[in-house]
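Q: from the sequence below, what's the structure:
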Amino acid sequence: MDYTSRMVALLRELRRERNGAVADSMRYYGTPYGLNYGVSLPTLRRIARAEAPDHGFARYLYRQDVRELRLAALHIACPACLTPEEFPAWAAGIVNSEIAEEAAFALLSRAEAFPALFSAWIASPDALLQYAALLAAARSPRLTASWVAPAVEAVHRNATAEATVEMPAEAMTEATAAADTSVAPGAFVADTSVTEASSPEVTTPAPGDSSVGDTPSAAIVSAAPGASPAADPHVASPCAAGQQVSSRPLAQHPVPAARLTAQGAVALLAAVAAQNEENRQAVLRAAGSLGKLPAEDYVHEELAWRLEA
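A: This is a model prediction of the structure:
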């Protein structure tokens, strides 16, 4: 069965679990998805884990601008197959904090290549990539105290940048109000083996309608059936391997970038400190180097109670 046929079958199963209330709540996470059925995360994880691991299929699903398919891809992907050459493609799909969190827990923390990914993403100007890297590091079996310094540096860097830029309140309001669950053009990427006769009937919801239907056929573009992700010319990648993804405007996410990084850093610092007393003292010293900017204060306050003896 080709990738598109498998995707359609998976999407039908997910669609039976759609939930409008969950879809509406996605506004909290920032940038909206092209298509969103609002399937709860526990249900989505159960359905995705029933699929056989298939890294190529996972990368195909991840390219779709569909919430459920992108999240499912993180559970279908093979952590051992994740390579540095793929980092930009996975980075491109982390468009909000929900994807960042699920990527950290389901895929990144279990990847053998994670140390290289952590080094690349913690240095990125993109707070969502920093957040994903920090959360994954906190859960990684390769957890090491050497990650403390870059985590603290990222917090300080973002806190300082935030202090120099004041974002108008109305910009945040407009960005949040712009989020919806309607179908965006180009939400799907599929392969040429799907014909009009074999494709399921589809409907396009009216603008603003959160009760989404199946895939708009006009949104499907070609990709070689079963193609290897490395050779697939349709893999959406904003940059070449090894390059950093540019930072996204803060207006696209309701949580300021500096706070997002600080939250991830707290998770990592607390995990390192819990390993032994030597690491605990190292974390306290590193955190003590932070100043009094809001994001830095957040780290101080969180660690104060998390590291209580």
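
Q: elements contacting the helix or strand hosting residue 59?
A: Taking DSSP states H and E as the definition, residue 59 sits inside helix 55-62. Here helix 55-62 touches helix 3-15, helix 67-76, helix 87-92, going by 3 or more C-beta pairs under 8 Å, 6 or more residues apart in numbering; DSSP states H and E. For glycine as for every other residue, the C-beta is placed from the backbone atoms N, C-alpha and C.

Q: tell me where the stretch 51-200 of the chain is predicted with low confidence.
A: 166-200 (pLDDT under 70).

Q: which residues of it fall in helices?
A: For the stretch 51-200 of the chain, applying DSSP state H, counting those that start in this stretch gives helices covering 55-62, 67-76, 87-92, 97-106, 114-122, 127-139, 148-164, 169-178.

Q: for residue 302, find the nearest of the ones you listed.
A: helix 148-164 (11.2 Å; C-beta to C-beta).

Q: show me what that closest one is packed against.
A: Secondary elements touching helix 148-164 (3+ C-beta pairs under 8 Å, 6+ apart): helix 114-122, helix 127-139, helix 257-273, helix 277-288, helix 294-306.

Q: quick one: it to helix 294-306, angle?
A: Orientation of helix 148-164 against helix 294-306 (axes from the mean of the first three to the mean of the last three C-alpha atoms, to 10 degrees) gives an angle of 140 degrees.

Q: what pLDDT does residue 271 get?
A: Note on residue 271: pLDDT of 98.

Q: so what's it closest to, chain neighbours aside?
A: Distance criterion C-beta to C-beta, 6 or more residues apart in numbering; nearest residue to residue 271, sequence neighbours excluded, is residue 138 at 4.2 Å.

Q: how far away is that neighbour from residue 272?
A: As judged by C-beta to C-beta, to the nearest Å, residue 138 and residue 272 stand 8 Å apart.

Q: ok, residue 150 next?
A: For residue 150, the distance to residue 272 - C-beta to C-beta - is 12 Å.

Q: compare those two (neighbour count), which wins?
A: residue 272 (23 against 19; other C-beta atoms under 10 Å).

Q: list the residues that contact that one.
A: 143-145, 147-148, 279, 282-283 (C-beta atoms under 8 Å, 6 or more residues apart in numbering).

Q: again with residue 47
A: Counted by C-beta under 8 Å, 6+ apart, residue 47 has contacts 10, 13-14, 17, 39, 72.

Q: element containing it?
A: Assigned by DSSP H and E, residue 47 falls in helix 41-49.

Q: reformat the contacts of residue 47 as a markdown table; add distance to residue 63 and neighbour count.
A: Shown next, in a markdown table, are the contacts of residue 47 (distance: C-beta to C-beta, whole Å; neighbours: other C-beta atoms under 10 Å):
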| residue | distance to residue 63 | neighbour count |
| --- | --- | --- |
| 10 | 14 | 20 |
| 13 | 20 | 15 |
| 14 | 17 | 21 |
| 17 | 22 | 16 |
| 39 | 19 | 23 |
| 72 | 13 | 30 |
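
Q: what's the local residue count around the residue nearest to residue 271?
A: 23.

Q: tell me how far it lies from residue 287.
A: 15 Å.

Q: out of the helices and strands packed on helix 148-164, which is the most enclosed?
A: Each of these was scored by mean neighbour count; the highest is helix 127-139, a mean of 27, by mean count of other C-beta atoms under 10 Å.

Q: before we move on, the earlier item: residue 270 is in contact with the residue nearest to residue 271, correct?
A: Yes. The criterion here is C-beta atoms under 8 Å, and residue 138 meets it with residue 270 at 7.4 Å.

Q: which residue packs closest to residue 270, ignoring adjacent ones?
A: Using C-beta to C-beta, 6+ apart, the closest residue to residue 270 is residue 306 (4.7 Å).

Q: next one: the one you found from residue 269, what distance?
A: According to C-beta to C-beta, residue 306 and residue 269 sit 8 Å apart.
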